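In: predicted structure and sequence below. I'll ask about it afterward.
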Amino acid sequence: MWELARIVFLGTMAGVLGTGAGGILLALGRRPKGSELSFWLGLSAGVMLAVVFQDLLPEALTLQGAGVTFGGLVLGMCALMLLEPLVFRGRPRGLIQTGLFLGLGIAAHNFPEGLAIGAGYSASQELGFSLALALCLHNVPEGMAMAAPLLAGGAGRTQTVLWTIAAGLPMGLGALVGGLFGSLTARTLAGTLGFAAGAMLFLVFHELLPEANCLDFPYATTCGAVFGIMLGLTLLVVF
């Protein structure tokens, strides 16, 4: 029981400290607007694309192949399509809703990362701790990506930080499942990774890039996206 509690605590801290730190970093500065906001939205998209194509999809394809992976990807896209009317229902579409919607995608991504921490810790404590540290660092730019539209839309700084922290909580749930079952089947893990990839791709192409392009600063968006891809790849390679 205490061992499982440690796993859940480790996964939860890796999630909330990572996304929360990203939220705090942006909340300490001025609210992004204009070309600066375009840059941050582009950076958010770039980081997500790097995670999807360098981490989630390659891992899922290695585990189980294209069928299960792409099935999970389609389900992830469809899930966010169905959730979108609930997020925006009865409200004018704005940056705060975009930020909250982005948080759903980050939460979907954090769950399979928590699975990896739980399963890794069950194999050895050293592996669990190293995975938690690496994934915590990966979550920092994702927290920044979520915070940028929230702050630009007028959300309070404390509220923004709390929302970014909440987006990291599913990592603790994933760690619980991973700790309970130890090693999950390759099919289950591949499908879960594919689901997260689909959710993040939907956010990139349906929310982040269209929102950035509406601000009419195309060079800032492009530079942000390229820098985001470089940042995401660097974190994935180093850690």
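Out: Alright, I've got the coordinates.

In: please, where are all the helices along the chain?
Out: Secondary structure of the chain (DSSP state H): helices located at 2-27, 34-51, 57-64, 66-88, 95-123, 125-152, 157-168, 170-181, 186-203, 209-214, 218-238.

In: a markdown table for the ones you listed, including mean neighbour count and mean pLDDT?
Out: No exception for glycine: its C-beta is placed from N, CA and C like everyone else's. Conversion of those to a markdown table gives the following (neighbours: other Cβ atoms under 10 Å; pLDDT from 0 to 100):
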| stretch | mean neighbour count | mean pLDDT |
| --- | --- | --- |
| helix 2-27 | 22 | 88 |
| helix 34-51 | 25 | 86 |
| helix 57-64 | 19 | 86 |
| helix 66-88 | 17 | 87 |
| helix 95-123 | 25 | 83 |
| helix 125-152 | 23 | 83 |
| helix 157-168 | 22 | 93 |
| helix 170-181 | 23 | 86 |
| helix 186-203 | 24 | 85 |
| helix 209-214 | 18 | 85 |
| helix 218-238 | 18 | 87 |
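
In: quick check: chain neighbours aside, which residue is closest to Trp40?
Out: Spatial nearest neighbour of Trp40, excluding adjacent residues (Cβ to Cβ, 6 or more residues apart in numbering): Ala148 at 3.7 Å.

In: let me see the contact set for that neighbour.
Out: 26, 32, 37, 40-41, 44, 99 (Cβ atoms under 8 Å, 6 or more residues apart in numbering).

In: what about Leu233, distance to Ala175?
Out: To Ala175, Leu233 is 25 Å away according to Cβ to Cβ, to the nearest Å.

In: let me redo that: Ala197
Out: Taking Cβ to Cβ, one finds Ala197 at 20 Å from Ala175.

In: can you check Gly232 too?
Out: For Gly232 relative to Ala175 (Cβ to Cβ), the value is 23 Å.

In: and stretch 139-153, how far from the chain's centre?
Out: Centroid displacement of stretch 139-153 relative to its chain, using Cα atoms, centre = their mean, to the nearest Å, is 11 Å.

In: ok, and the closest non-adjacent residue to the residue sitting nearest the centre point of the chain?
Out: By Cα atoms, centre = their mean, the chain has its centre lying nearest to Ile106, at 2.8 Å. Counting by Cβ to Cβ, 6+ apart, the nearest residue to Ile106 once its immediate chain neighbours are dropped is Ala167, at 4.5 Å.
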